[in-house]
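[1] Give me a model of this one.
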Amino acid sequence: MTHDPTFLSRRRLLKALGLGAGSLFLPSLLPRSHGNDGLTGPARRILFVMTYHGTVYDSWRMRPGGLPEDQAWESDLTALDQSQWSPILAPLGPFADRMMVLDGLDQVTAKPQGGGIGHFVGPINAMTGGIWTGEGPDARATMPSLDQMIADQIARPDHFRSLEVGTGNHPISYASPGQALPRETRADHLWDRLFPEGEQTPGAPPTIASRLQDQQQSVLDQVAGEYEALRPRLSAEDRHKLDLHRDMVRDLEQQVGGFANIDCSAPSRPDNPSHQDPDAYNERFSQFAQLLTVAFACDMTRVATYTLGQMPNSAFGAPPGDVHQDFAHQCDPPSPSALAVEQMTNYNRHHAEHVLELVELLDAVPEEGGTMLDNTLVVWLNEMANGSHRQDPYPMVLVGGRNIPLRWGRYVRWPVDGPTPMGSNHFNSQRPSGFPQNRVLTAIARAFDLDVDVVGIDAVAAEDGSTIDCRGPADRVLA
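    Numbers count the residues shown, from 1 in each chain. As a prediction, this is how the structure comes out:
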């Protein structure tokens with residue numbers, strides 16, 4: 001065999017740039033007799049975020065161009081200017097091209113059992129699409145939740161099957177009927193689970209990861225000659241790809257030294273915020289968000305749920321008053337309080353800022369020619385539709401990336417014109433139903449390659465004698 005110095009230089013260049021197998025694919029570098037069968041991309045991940053007390057629908061919805069209430073339609077989020085975004089969703093505008101806003105959904109499968117006890121059954125129904133047993137705080141799901149169904153498909157057997165964290169009051173994740181998974185409510189305790197060996201002792205020999213990081217600080221300077229020698233041999237398309245990747249690596253070199261989760265060494269153990277700290281809620285959110293990002297980046301897990309309990313007044317700048325009774329319960333028609341509407345709008349907008357913080361963290365982690373957000377789906381759910389414990393219109397927002405096969409950059413509207421579910425509680429009496437939310441759950445399951453036709457129960461009887469079909473993936477969601 002003859003020695004090929006060009007091949008060695010090419011291999012060194014690609015390795016230095018992080019362009020190994022399964023990374024940025026440059027077809028013009030492949031031997032002509034080889035195909036690309038067997039190439040695998042990075043791991044896909046999913047994170048469910050559930051917030052509390054529903055939303056203020058009129059402050060959440062968007063109607064660009066005065067689109068109608070009584071028809072199905074969709075709109076391009078990337079074409080909207082800032083003035084067209086709703087007060088609650090406006091913080092997420094920078095991710096318009098990687099979002100889907102789903103409007104007109106309904107937790108129809110919760111209604112036949114009396115969905116008005118929303119604080120207990122709404123969280124159960126949100127990810128199971130099913131019915132439950134027990135009453136009040138003893139209520140439990142009779143079906144597995146979507147996160148655990150996806151974990152069956154994508155979890156690594158030698159890592160955490162899933163992580164359940166947060167301060168929400170009620171369980172949302174069910175591994176099997178009736179088996180609610182406990183949540184980790186303190187970030188320092190989550191850190192202990194993720195890093196049982198603790199932080200590296202000062203003065204100890206550097207880890208393999210830290211040595212590699214040090215070597216890669218000036219990777220482009222090291223391989224500049226190989227890069228220039230290789231570039232003329234590429235096709236125009238591959239030169240463009242490699243140039244883009246080179247620029248991305250150069251940007252990353254400026255931040256890699258301070259980004260702890262890139263090398264998967266343990267970050268500093270977080271302190272547990274004092275309940276007396278007026279910003280404890282926000283600080284705790286940031287701690288969990290950072291640790292979940294580390295867990296995803298290090299492939300410790302690929303599935304997680306994050307439940308947020310009631311936000312205290314200090315976290316979103318509210319005046320004195322009980323968030324539950326004085327604000328959430330007083331902001332819905334027919335006679336909403338202007339103060340309550342204002343405060344719950346601020347409440348939900350602040351949660352949008354929380355989601356923004358999380359997706360920005362995911363988007364800051366480089367991964368195979370893009371970022372970790374390209375391979376992650378963040379699902380923003382709520383325990384119910386609004387502060388009056390209704391199940392419609394149920395808000396849902398998806399944020400993610402190009403390797404999750406959903407129709408990104410869309411606002412999708414379904415009309416609320418279905419029959420009233422049989423046995424609906426007094427909040428929903430004679431109200432038409434919206435689009436079954438569990439059909440969106442089915443679409444998400446399909447996006448993660450689950451061969452399922454329904455998540456939850458497949459049909460709900462209606463008061464007019466008809467049946468509400470809950471099977472199949474939601475239209476206009478899957479790519």
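[2] what pairs with the residue nearest the centre of the chain across the strands?
    Relative to the mean C-alpha position of the chain, the nearest C-alpha, by Cα atoms, centre = their mean, is the one of Val378, at 0.9 Å. Beta-bridge partners recorded for Val378 (DSSP bridges): Leu47, Val399.
[3] my guess is it meets Leu358, correct?
    Yes: taking contacts as Cβ atoms under 8 Å, Val378 lies within contact range of Leu358: 6.5 Å. (C-beta placed from N, C-alpha, C; glycine too.)
[4] For these two, list the residues in contact with both.
    47, 49 (Cβ atoms under 8 Å, 6 or more residues apart in numbering).
[5] neighbours around Gln71, how many?
    If you count neighbours by other Cβ atoms under 10 Å, Gln71 ends up with 10.
[6] List the contacts of it.
    Gln71 neighbours (Cβ under 8 Å, 6+ apart): 413, 415.
[7] Mind checking what secondary structure Phe95 has?
    helix (DSSP: H, G, I helix; E, B strand; the rest coil).
[8] Tell me the spacing between the residue nearest to the centre of the chain and Glu226.
    For Val378, the distance to Glu226 (Cβ to Cβ, to the nearest Å) stands at 38 Å.
[9] swap in Asp299?
    Relative to Glu226, Asp299 is positioned 29 Å away (Cβ to Cβ).
[10] The two - which one has more neighbours?
    Glu226 (19 against 14).
[11] my guess is Trp414 meets Glu74, correct?
    No: using Cβ under 8 Å, Trp414 is not in contact with Glu74; the gap is 9.8 Å.
[12] ok, the two, which is more surrounded?
    For Trp414 versus Glu74, the count of surrounding residues by other Cβ under 10 Å is larger for Trp414: 24 against 17.
[13] which one's the longest helix in this protein?
    Using DSSP state H to define each element, the chain has its longest helix at helix 338-363.
[14] Packing partners of it?
    strand 45-51, helix 57-60, helix 280-297, helix 313-316, strand 376-382, strand 394-400 (3 or more Cβ pairs under 8 Å, 6 or more residues apart in numbering; DSSP states H and E).
[15] Mind checking these for the one nearest to Ile150?
    Closest to Ile150 of the helices and strands packed on helix 338-363 is strand 45-51 (Cβ to Cβ; 5.7 Å).
[16] any chance you could map the helices in the stretch 201-350 of the chain?
    Secondary structure of the stretch 201-350 of the chain by DSSP state H, counting those that start in this stretch: the helices cover 208-215, 219-222, 224-230, 236-253, 280-297, 313-316, 338-363.
[17] isn't Arg446 right next to Asp453, touching?
    No: in this structure, Arg446 is not within contact of Asp453 by Cβ under 8 Å, at 9.3 Å.
[18] what about these two, which has more around it?
    Counted by other Cβ under 10 Å, Arg446 and Asp453 do not tie: Arg446 has more neighbours, with 20 against 11.
[19] After the longest helix of the chain, heading C-terminal, what element do we hit next?
    Once helix 338-363 ends, the next helix or strand along the chain (criterion: DSSP states H and E) is strand 366-367.
[20] Show the subsequent helix or strand relative to that next one.
    Taking DSSP H and E, what comes next after strand 366-367 is strand 370-371.
[21] And for that following strand, what's in contact with it?
    By Cβ under 8 Å, 6+ apart, the list of residues contacting strand 370-371 from outside reads 362-365, 401-403.
[22] Buried ones among the residues you listed?
    Buried residues within the contacts of strand 370-371, counting neighbours by 16 or more other Cβ atoms under 10 Å: 362-365, 401, 403.
[23] Looking at these, which one is closest to Glu69?
    Gly401 (31.5 Å).
[24] related to what we said a few turns ago, buried set for the longest helix of the chain?
    Across helix 338-363, burial judged by 16+ other Cβ under 10 Å covers 340-356, 358-359, 361-363.
[25] what about Leu308, how many neighbours?
    19.
[26] right, and it touches Pro123 too?
    No: at 11.4 Å, Leu308 does not count as touching Pro123 under the criterion of Cβ under 8 Å.
[27] Overlap of the contact sets of the two?
    By Cβ under 8 Å, 6+ apart, the residues touching both Leu308 and Pro123 are 50, 168.
[28] Which residue ranges of the stretch 51-200 of the chain form strands?
    73-76, 99-106, 132-133, 140-141, 163-166, 174-176, 179-180 (DSSP state E, counting those that start in this stretch).
[29] out of those strands, nearest to Arg269?
    Of all those, strand 163-166 sits nearest to Arg269, with 15.5 Å by Cβ to Cβ.
[30] distance between stretch 172-191 and the chain's centre?
    The chain centroid and the centroid of stretch 172-191 are separated by 17 Å under Cα atoms, centre = their mean, to the nearest Å.
[31] Quick check, pLDDT for Ala338.
    Reading off the confidence values, Ala338 has pLDDT 89.
[32] now Lys15
    Lys15 is given a pLDDT of 45.
[33] show me where pLDDT drops low in the stretch 351-479 of the chain?
    387, 424-430 (pLDDT under 70).
[34] Can you tell me how far Ala318 is from Gly309?
    15 Å.
[35] what do you get for Asp417?
    From Asp417 to Gly309 the distance is 34 Å (Cβ to Cβ).
[36] So between these two, which is more surrounded?
    Gly309 (18 against 14).
[37] quick one: the more buried one and Arg284, what's the gap?
    Gly309 is 10 Å from Arg284, by Cβ to Cβ.
[38] what do those two both touch?
    Residues touching both Gly309 and Arg284 by Cβ under 8 Å, 6+ apart: Thr167.
[39] how many neighbours does Ala461 have?
    14.
[40] Got the phi and psi for it?
    phi -70, psi 140 (degrees, to the nearest 10).
[41] Return the set of residues that bridge with it.
    With DSSP bridges as the rule, Ala461 is bridged to Thr467.
[42] isn't it right up against Met422?
    Yes: Ala461 is within contact range of Met422, at 4.2 Å (criterion: Cβ under 8 Å).
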